[in-house]
Structure formats: C-alpha cells, structure tokens
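Asks: Below are the sequence and a predicted model; questions follow.
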Amino acid sequence: MKRMFIAIPIQETSRNAIIKAVMADEKAKRMPVRWTSVQNLHLTMQFLGDVDEKRIPDLESIIDSVTAPAHPESLVFTGMGAFPNPASPRILWIGIKKIDILLKIQKQLTNSLFERGFDADRKRFSPHLTLGRVKENVRFEPVNYNYLENIVTAAIIPDSPFDRVTLFESLLRPGGPIYRVLYEKKW
C-alpha cells in the first residue's frame, strides 16, 4: 500500500515568492504552525489515501485521460483562508482562483476514479495551497491570522503556469512528509 494523491505542482518562482513573503517572515516563523516545506507546495486535485500498488496502472490511465487545456493556463493566487475557519484555524491556505479548466480536470479525475472503484472525494472542490497546519492543542490567536492575511495580501505571488498532472506518493516522516512523483502527464 502506498499513500497517494493527484496534484498540480506549483512552479518554483511562485513557491519562492510564497516562502519569502510568508514562511520566511520572522514573526511567522515563531507562530505555532508546521509550515509546508517549499518542495511540497502543490494543488491537490484528489487525495487517494492508501492504495494498493497494483492499482498504479489504473491511476496512470485515469491521469492520461485528462483533457489538456486548449491553451496555456496558470494558477492565480487569491488571498488567504483557513479550514475550518479563520476564527479557529487548523489549516492555513492560499486560495487559487477557480477557472473552468481546473474544475473540468478535477471533475474528470473524480468521475474516472469513482467509475474505477477508487474512494474519490466527491465534496465541492475548493482549490487552495496548504501553507501550514496549526500545531495541535494550541490556540491560534486571531492577531496571528490577521498578520498572515495582511502579508499574503501584500505579497506579489506570480501566477504559476501548469502543464502537468502528477500522481504523488506521500511518505510520512517525523520531520514532515516527503512527496515522491510516481507518474506525471505533461501536455
């Protein structure tokens, strides 16, 4: 069994701008947050959980069936948010503008996964980039959230062109997860 997900990777220039604006900020570094490592920043299209390795060819076929954009597209970052909400955040994120091709790709993946017997998440797609997770049993003060929201709003984060859909394996480690590419479809 491998823990897997399907995602769109974030371009290096966008990742570096996010790190510079948020995660490298001295005040943000002292906040009770486990920040996402720079190489792990991605847009999750579908989390799969533990999947038998024998099903990887099925996943490759599903990814291959995704319709490529008719013209170059980019992920556009739209501000900060939190799950379940800003007053009681567990996950801090940067929003990604909903564009038709993203919604189409996510729907194609979800429907194909469901048709082939995978446990696909059918909830409403909310494109976002996870910045970090608030440490357990810690109250995240509203002043911290407001501070982060202000620096994200002020940051100049370049759009991230996307030209691929990637199947990742998530290797859980004490120092944080490591993501390994298992398959990629470029267009």
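Replies: Thanks, I have it.
Asks: Give the other helices and strands that the lengthiest helix in the chain contacts.
Replies: The single longest helix within the chain, with elements called by DSSP state H, is helix 100-115. On a contact count with 3 or more CB pairs under 8 Å, 6 or more residues apart in numbering; DSSP states H and E, helix 100-115 meets strand 42-51, helix 56-64, strand 73-75. All C-beta spots, glycine's among them, are computed from the backbone N, C-alpha and C.
Asks: Mean confidence (pLDDT) on that helix, please.
Replies: Predicted confidence along helix 100-115 averages 95 (mean pLDDT).
Asks: contact partners of it?
Replies: The set of residues external to helix 100-115 that reach it, using CB atoms under 8 Å, 6 or more residues apart in numbering, is 6, 8, 43, 45-46, 48, 62-63, 65-67, 69, 73, 75, 96, 120-122, 125, 127, 165.
Asks: Drop anything exposed from these.
Replies: By the neighbour-count criterion of 16 or more other CB atoms under 10 Å, those include these buried positions: 6, 8, 43, 45-46, 48, 62-63, 66, 69, 73, 75, 96, 120-121, 125, 127, 165.
Asks: Please name the nearest non-neighbouring residue to the residue positioned nearest the centre of the chain.
Replies: Nearest to the mean C-alpha position of the chain, counting by CA atoms, centre = their mean, stands residue 43 at 3.0 Å. With CB to CB, 6 or more residues apart in numbering as the criterion, residue 43 has its nearest non-adjacent residue at 4.4 Å, and that residue is residue 8.
Asks: Tell me which stretches of the chain form helices.
Replies: 12-18, 26-29, 56-64, 100-115, 142-154.
Asks: Now tabulate those in CSV and tack on distance to residue 85.
Replies: Compiled in CSV, the helices of the chain are given as follows (distance: least, CB to CB, whole Å):
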stretch, distance to residue 85
helix 12-18, 22
helix 26-29, 20
helix 56-64, 33
helix 100-115, 23
helix 142-154, 10
